[in-house]
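Colleague: structure for this input, please:
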Amino acid sequence: MKIAITWDYELFFGERSGSVEQCMIEPTDRLLLLAAKYKIPFTFFPDAGCLIKFEEQAACHQALQAIKNQIQVWDTKGHETGLHIHPHWEKSSWNGQQWEHDLSFYKLSDFSAEDASDIVDRYATYMNSLLSQPMQSYRAGGWCAQPFTPVAEAMKNAGIHLDSSVFKGGKNTTKPYQYDFTGTPDLSQWKFTEDPAVLHAEGVFTELPIASMNYSPLFFWKLFVLGRLNPSQHKPIGNGLPAKGGGSKKELLMRTHRLCVSADGYFSTQLNRALRRAKQANEPFLVVIGHPKALTPFGLKTLEAFIAKHREDHEFVTLSSVL
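Modeller: A predicted model of the protein is given here:
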């Protein structure tokens, strides 16, 4: 089986964005060391809007150069870079100490079709200027890839033909999020045109969904208790605060949730389970999502154990090479 481990490379979007050093550079350096040790590739999705906004703010230029250097390091080492868009950066402002975000513009669909297409074009052009190999894949910020029609032409013009924003069974209508993947095809991959969750046999785009699974309340009880008992191992390396809207702690502790298969923190304990389920279902590949900002010392150790255990029997690949 092919296993693609993908990373959304970004800051936080809550009341505190966190620092570039702790949310992006430091955890990604650790990931690149891990990849080199086991000779495997990753796929990174840098938040393009963040980089463009940093270009406009002199106070951020030093951090921006560190980001560019890191992107070019992984690019030269054979890791893949995909297009990742959190369009609220168009409305974000620097208050002299940190970024303030207007999450009423969190999704491309919060903009006019013309403005959304322009964002895709500018962000793709900027990112490709940093890379030796042009981008082929896309992941929507916050999984908010619907509707896709307004930006489809811009994506084609940018050379994007793969999407990996969908996770089967996922749904969130709590602002600022908006996605519904409850009716996805029962396929490992599919073609689409207007909606990445809807099969279109003649579609020009291919959906490679992120693996998903049910997480019980017991899982979240363990996650929160361990975080309290052993913060040195379970506290994220990133030093920001997430945006609200992904479900309250009370909701997570009360009912089962359908979420992505993730390499973030304690979620990494479920990677072996996800792989077993994929093998039982004869799936040809497993796409895992992660965020450097959400990595923990415990999660890194667990991820390394997963890679070490399976690298001989399975093939770790970039997202685009899944096909």
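Colleague: packing partners of the strand ranked longest in the chain?
Modeller: Ranked by residue count and defined by DSSP state E, the top strand of the chain is strand 2-9. Applying 3 or more C-beta pairs under 8 Å, 6 or more residues apart in numbering; DSSP states H and E, one finds that strand 2-9 contacts helix 26-38, strand 43-46, strand 285-290, strand 315-316. Any C-beta I mention is one placed from the backbone N, CA and C, and that applies to glycine too.
Colleague: what helices or strands is the helix-or-strand element of the chain with minimal mean pLDDT leaning on?
Modeller: Every helix and strand in the chain was compared by mean pLDDT, DSSP states H and E; the lowest is helix 249-252, with a mean of 83. If contacts are counted by 3+ C-beta pairs under 8 Å, 6+ apart, helix 249-252 sits against helix 217-229.
Colleague: now the least confident helix or strand of the chain: how far from the chain's centre is it?
Modeller: In terms of C-alpha atoms, centre = their mean, to the nearest Å, the centre of helix 249-252 is set 22 Å apart from its chain centre.
Colleague: then stretch 198-214?
Modeller: 16 Å.
Colleague: ok, back up a step: among the helices and strands packed on strand 2-9, which is nearest Phe54?
Modeller: strand 43-46 (11.3 Å; C-beta to C-beta).
Colleague: which parts of the next helix or strand after that closest one are buried?
Modeller: Proceeding N to C from strand 43-46, the next assigned helix or strand is helix 48-56, under DSSP states H and E. By neighbour count on 16 or more other C-beta atoms under 10 Å, the buried set for helix 48-56 is Ala48, Gly49, Cys50, Leu51, Ile52, Lys53, Phe54.
Colleague: could you report the neighbour count for Leu199?
Modeller: 15 (other C-beta atoms under 10 Å).
Colleague: again, but for Gln233
Modeller: 16.
Colleague: that one belongs to a strand, doesn't it?
Modeller: No - if the criterion is DSSP: H, G, I helix; E, B strand; the rest coil, then Gln233 is helix and not within a strand.
Colleague: give the contact list for it.
Modeller: Leu226, Thr296, Pro297, Phe298 (C-beta atoms under 8 Å, 6 or more residues apart in numbering).
Colleague: how does it look with 6 Å?
Modeller: Pro297, Phe298 (C-beta atoms under 6 Å, 6 or more residues apart in numbering).
Colleague: tell me the pLDDT at it?
Modeller: On pLDDT, Gln233 comes in at 96.
Colleague: mind checking how far it is from Pro196?
Modeller: 36 Å (C-beta to C-beta, to the nearest Å).
Colleague: cool, and Pro150?
Modeller: Pro150 is 13 Å from Pro196, by C-beta to C-beta.
Colleague: and the two? which has more neighbours close in?
Modeller: Remark: of Pro150 and Pro196, Pro196 carries more neighbours, 28 against 18, as counted by other C-beta under 10 Å.
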